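Q: Sequence first, predicted model second:
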Amino acid sequence: MTSAAGIDVKTVNLPDGRSVSYTLTRKPVKNINFRVSENGIVSVSANSRVSVKFIEELIEKRADFFLNAAERLKNRAELFEANLNSVRYLGRDYPVRIIENSREIAVLDESECRVFTKSKDKKYIKSLLENAVLTRFKALCEELDREVRNTLCEKGFPPPPAKITIKDMKSRWGSCSYYKGRISINSRLAAYPKETVLSVFYHEYAHFRCHDHSKAFYDFLLMIYPEYYEHNRTLK
């Protein structure tokens, strides 16, 4: 089976008649990594030495977790698509007030999100809301980036120059291209508490020192940010 994007999608059929679809990417990593997306497909990355049979056995053992996670992601996406009465930012719901006006903009302040528009198109109004949240979130990410970099310098681990990009990612909360000096942050993190977003920043910056998810990586991450598990568990 091949997706529209040309990615090879395989299926593990379970004894009870259910199935789990997955894609496999070979990478020079020590651990086998799994990520569930809203479309229900599990993205797997593993070393070329790991057999497909072993990977599929792991998927079968963890099938309930993957299927439940996919259902939660789907429900969350559907709820977000349908809701124009409020927007969630940093773990808090802000009421939406639509004001008939030709400005065609939405503004998120400390108490509400005001939408100035003459349009009745829900999809268009939703785009205005998303832009309002994204504007606030980009400013926050600039602050958190400075905070993390300053902390790393104070602890004796000055990071290399890094370009921060905010974008919508389906299967990752963040990513680090350490060889290019780039960190990507998922724009959907805007819905989560500030401390959760901060934990993703520390996670990605730790990859400049340890490129995989080995014990050394987590030892370093917890040394520079001991609260990591406390604030990151919301994303699991």
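A: Yep, that arrived. Residues are numbered from 1 along each chain as shown.

Q: Check which helices and strands the longest helix seen in the chain sits against.
A: Secondary structure assigned by DSSP state H gives helix 122-154 as the longest helix of the chain. Judged by 3 or more Cβ pairs under 8 Å, 6 or more residues apart in numbering; DSSP states H and E, the packing partners of helix 122-154 are strand 86-89, strand 105-108, strand 113-117, strand 163-167, helix 194-206. Quick note: C-beta positions are derived from backbone N, CA and C, even for glycine.

Q: want to throw these into JSON lines with mean pLDDT, mean neighbour count and distance to K27?
A: JSON lines is the format used below for the helices and strands packed on helix 122-154 (pLDDT from 0 to 100; neighbours: other Cβ atoms under 10 Å; distance: least, Cβ to Cβ, whole Å):
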{"stretch": "strand 86-89", "mean pLDDT": "93", "mean neighbour count": "18", "distance to K27": "33"}
{"stretch": "strand 105-108", "mean pLDDT": "96", "mean neighbour count": "19", "distance to K27": "38"}
{"stretch": "strand 113-117", "mean pLDDT": "95", "mean neighbour count": "20", "distance to K27": "40"}
{"stretch": "strand 163-167", "mean pLDDT": "96", "mean neighbour count": "14", "distance to K27": "21"}
{"stretch": "helix 194-206", "mean pLDDT": "97", "mean neighbour count": "22", "distance to K27": "17"}
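
Q: Identify whichever of these lies nearest to N131.
A: Nearest to N131, of all those, is strand 105-108, at 6.4 Å by Cβ to Cβ.

Q: Any figure for the gap between the residue nearest in space to the middle of the chain and T25?
A: To find the centre residue of the chain, average its C-alpha atoms and take the closest one (Cα atoms, centre = their mean): that gives W173, at 2.1 Å. As for W173, its distance to T25 is 18 Å (criterion: Cβ to Cβ, to the nearest Å).

Q: And C141, by the same measure?
A: Here C141 is placed at a distance of 27 Å from T25 (Cβ to Cβ).

Q: Looking at those two, which one has more neighbours?
A: A direct count of neighbours by other Cβ atoms under 10 Å for C141 and T25 places C141 higher, at 22 against 12.

Q: Near R233, how many other residues are there?
A: Neighbourhood size, R233 [other Cβ under 10 Å]: 10.

Q: for L129, same thing?
A: Quick note: L129 (other Cβ under 10 Å) scores 20 neighbours.

Q: for it, what are its contacts?
A: Residues in contact with L129, defined by Cβ atoms under 8 Å, 6 or more residues apart in numbering, are 84, 87, 96, 106, 113, 115.

Q: Turn these into TSV, columns for distance to N13.
A: Listed next are those as TSV, based on distance: Cβ to Cβ, whole Å:
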residue	distance to N13
L84	40
V87	40
V96	44
A106	46
C113	45
V115	47
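
Q: Which one of these is nearest to A216?
A: Closest approach to A216 among these (Cβ to Cβ): V87, at 39.7 Å.

Q: Local confidence estimate at the closest residue to A190 other than its chain neighbours?
A: The shortest distance from A190 to any residue that is not its chain neighbour, by Cβ to Cβ, 6 or more residues apart in numbering, is 3.9 Å, and that residue is F137. At F137, the pLDDT value in this model is 97.

Q: from what I can see F137 touches I166, true?
A: Yes. F137 is within contact range of I166, at 6.7 Å (criterion: Cβ atoms under 8 Å).

Q: Name the residues contacting each of those two.
A: Shared contacts of F137 and I166 (Cβ under 8 Å, 6+ apart): S187.

Q: worst-scoring helix or strand of the chain, pLDDT-wise?
A: The helix or strand with the lowest mean pLDDT-type score in the chain, counting by mean pLDDT, DSSP states H and E, is helix 63-82 (a mean of 73).
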